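From the sequence below, what's the structure:
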Amino acid sequence: MLIAIFAAALAFFILLVWYVVASDPAVRRWTGLGSIVAIAAASALSLFPLEKNVKLGLDLKGGTSFLIQLDGQPSAAARAKAIEVIRKRIDKNGVAEPIIQPVGTNRISVQVPGLSEANKAETRNQLSKVAKLEFHLVSPDSDSLLNAFHNGGTIPIEYQILPFVQHDLKGHETRGEIVVKRRPEMSGKYVKSAHRGFDDVGRATVVMDFTAEGQDIFGKVTSGNVGQRLAIVLDNEVQSAPVLNGPILSGEASISGGNMNADEADELSSVLENPLETPVKLLEERGVDPSLGRDSIESGTKACLVAFVAVMAFMILYYHLAGVIASVGLVLNIFMLFGMLAQFHFTLTLPGIAGIVLTIGMAVDANVLIYERIRDELNAGKPLRAAVESGFGRAFSAIFDAHVTTIIPAIILMVLGSGPLQGFAITLILGIVANLFAALVVTKNSFEWLLAYQGLQKLSMFHLLRNPRVDFIKLGRVLSVFSIALLVVGVATFAKNRDSLLGVDFAGGDSVTIGYVHQVPVQEVRDRLEGAGIHASSIQYASESGKLLLQTRFGEGEKAGQLLASAYPQADFTAVGLESVGPVVGDELASRALLTLAIGLLGIMVYVAFRYEWSFSLAATIGQLHDVLIAVGVMALLGREFNMTLIGAFLTILGYSINDKIVISDRIRESWRAGELKSFHDIVNRGLNLTLARTLMTGGTVILAVLSLLLFGGRVISDFALAMLIGIVAGIFSSHFLTPWLLAWFHGLAEKGRGRAPAAVPVPNGKA
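All right, here's what the predicted structure looks like:
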């Protein structure tokens, strides 16, 4: 899956670069049109039928809930290990996005979205299979020992009899037995990875790669027992028993099952790669409704449509014909994005929608960048054709850098993260691919056809600002003090009230099961509980079993059940069960998330330092952290609960923030290289003033979209939208006030270190 996504992204980047550098206008026109038609057709084929190919997550559609029990009384470490193994088995490609959390001391709840009957059977098997893998030497007298045993004899104490299922080339099964040493030569804990392979006659096998220590042990076992048979034993059943014809020092072994098909090989490799060593038992299976509630989803869908239409209307009113072209590109952008999501079998959840919102914001920004550059060229007196060509060329650097700096942390999240983090990352990566195609191919190709055959003579655009002259650095020194003070107070509030602010996703809580006769709308239940000060992170109906499932903070579960029973007597709510549940985001998942975000920020710093200079890089990174921490702090001051929904919003803010700062940095670098001004202070201010209209335009369209979510999206989505609104406003502020002030300060420090006066302006090291 990950390889396929990387390959698709690479192919699109190659196409984009070739299209941008192609010199023959006719070749560009026909190549661009052909690629647009091909991608639109491929997206349509991938999408329809929608209900089959567009998979929605638990929060949007519901799914199947499994309750499994671990054998005995496992330790907290064993339970955490089991949760991690289950997550890897079910969500090995980061596209299923299950919800997994501990229940009580020895049970685990697993909710998987949109399972078909065939997939349910596979999931049951994945959840319950222990996968105890061992390697045993086969007795050289196996056949004679078996004959003696079945005639009343005994087996030596150091040996045991295990079942052995063999298959011929036609897939016929022969069940038998084999005598192996009781003590294994090696256990499965030394298996580093497992994947599907094929033998010499084309049969599916499972190839295992050992760790460095495992490779050494396996090499010694095979070297010392040449000519003997080695049994590969899975869950006390021999899978194969090949003869060791020589030492195996490559650190690789394989399991062949005769009639094993590719899907079975994939399933077995997943189990071997993630061994669940604690025996488990499946206690319960039931269907569950969307965790966001059907009414929240309907209002959220309405809000998204309103936002989409509002953004397109705004672009058309401001840019006229160019706005129409941008709107066509935006429609194809979203169409292409959903087509790729369907093609890669991605499960769309609310964190994924956060990635789509960021995609729309970046798509609008790319068009605004291009159009503002075209306006500059027209104002400089160039004819329309030359202005369009030059505008696209000048905007390319900023668009490319902005998308690359957004894709760096997304790739790191996809590779190292898990669960919702991977879902957000994959959506964002595919969105970036669609963005670049829409901005650099669809928009440009539309202009090329209009200029070539429709006799387009001029472009009219509304002009928001004309030659602004704001001293952003001077204002930044003053205003940043208030911003940083707000940040400190907000973060301190979060630290002080952390236990009460963290929702069930992070802290665990009560799981309440309530029987009912008549359903009450989820939003009505949520409002009633919120009015009583009870925070319900999840409200789901299990319609088949007549149960309402609630998850609340610790100590609120019993109160929630009593409140609903008294408030809705017609529903006949009856408490069925109350138990504690652990967090969805465990310590390991949280630590991995923080690590991947830190590595992502470091990757951005390195790239920006390479393309610009270290002072740009450091100032932009501090600005990113400022924007996210402002959103965290303000949400804490407002007393909003922190859950996975807010994590999606914070990730979106991080991506939007660097996009904004890269565009401004590109203009500052351009002014710097032009050498028109001698003072670095003036150079920065000039770049900021030149991008002010673009910042207000892009920020305005994204704020318009977020306001639609805030006003029409319902209670659940409103927290997500509010956090994004705060972060976007913080991003606009930091991009034009905090980051420039820091940039000027860092530049002054660098100049002093070089022994130059601060007014000296060296040529930047970055490449254009």
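
Show me where the stretch 151-300 of the chain dips below the pLDDT cut-off.
166-173, 255-260, 264, 267-268, 270-278, 291-297, 299-300 (pLDDT under 70).

now the strands: where do they sit in it?
Under the criterion DSSP state E, counting those that start in this stretch, the stretch 151-300 of the chain carries strands at the ranges 159-167, 173-181, 186-187, 191-198, 204-210, 230-234, 237-240, 252-256, 280-288.

Adjacent strands (with direction) for the last one?
Sheet pairing here is set by DSSP bridges, and for strand 280-288 it gives strand 63-70 (antiparallel).

moving C-terminal of the strand it pairs with, what's the next helix or strand?
Downstream of strand 63-70, the next assigned helix or strand under DSSP states H and E is helix 76-90.

re earlier: residue 622: which of the strands of the stretch 151-300 of the chain is closest?
Counting by CB to CB, residue 622 lies closest to strand 191-198 out of the strands of the stretch 151-300 of the chain; the figure is 39.1 Å. C-beta: built from backbone N, CA, C; applies to glycine.

and the angle from that closest one to strand 204-210?
Following axes from the mean of the first three to the mean of the last three CA atoms, to 10 degrees, one obtains 160 degrees for the angle between strand 191-198 and strand 204-210.

packing partners for strand 191-198?
strand 204-210, helix 262-273 (3 or more CB pairs under 8 Å, 6 or more residues apart in numbering; DSSP states H and E).

and it, which residues are buried?
For strand 191-198, the neighbour count (16 or more other CB atoms under 10 Å) marks 191, 194, 196, 197 as buried.

Point out where the stretch 451-600 of the chain drops to low pLDDT.
Ranges of the stretch 451-600 of the chain meeting pLDDT under 70: 454-455, 585-590, 592-593.

can you list the strands of the stretch 151-300 of the chain in CSV and add distance to residue 482?
Below are those laid out as CSV (distance: least, CB to CB, whole Å):
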stretch, distance to residue 482
strand 159-167, 73
strand 173-181, 74
strand 186-187, 61
strand 191-198, 52
strand 204-210, 56
strand 230-234, 64
strand 237-240, 67
strand 252-256, 62
strand 280-288, 46
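
Of these, which is nearest residue 385?
strand 191-198 (53.6 Å).

Distance from the chain centre to that closest one, please.
Computed by CA atoms, centre = their mean, to the nearest Å, the separation of strand 191-198 from the middle of its chain amounts to 25 Å.

now do stretch 132-151
The chain centre lies 49 Å from the centre of stretch 132-151; the measure is CA atoms, centre = their mean.

what do you get for stretch 627-647?
19 Å.

what about the residue lying closest to residue 451 once chain neighbours are set aside, distance to residue 179?
Once flanking residues are discounted, residue 451 sits nearest to residue 385: 5.4 Å by CB to CB, 6 or more residues apart in numbering. According to CB to CB, to the nearest Å, residue 385 stands 84 Å off from residue 179.

returning to that earlier point: check which helix or strand covers the residue nearest to residue 451.
Per DSSP H and E, the secondary structure element for residue 385 is helix 384-416.

following that helix, which helix or strand comes up?
helix 420-437.

Taking helix 384-416 as reference, get the angle to that next one.
Going by the same axes, to 10 degrees, helix 420-437 makes 160 degrees with helix 384-416.

residues of whichever helix or strand comes after helix 420-437 that come out buried?
Going down the chain from helix 420-437, the next helix or strand is helix 444-453, by DSSP H and E. Across helix 444-453, burial judged by 16+ other CB under 10 Å covers 444, 445, 446, 447, 448, 450, 451.

and the helix or strand following helix 444-453, what other elements does it pack with?
Sequence order places helix 472-496 as the next helix or strand after helix 444-453, per DSSP H and E. Here helix 472-496 touches helix 614-637, helix 680-712, helix 714-733, helix 739-754, going by 3+ CB pairs under 8 Å, 6+ apart.
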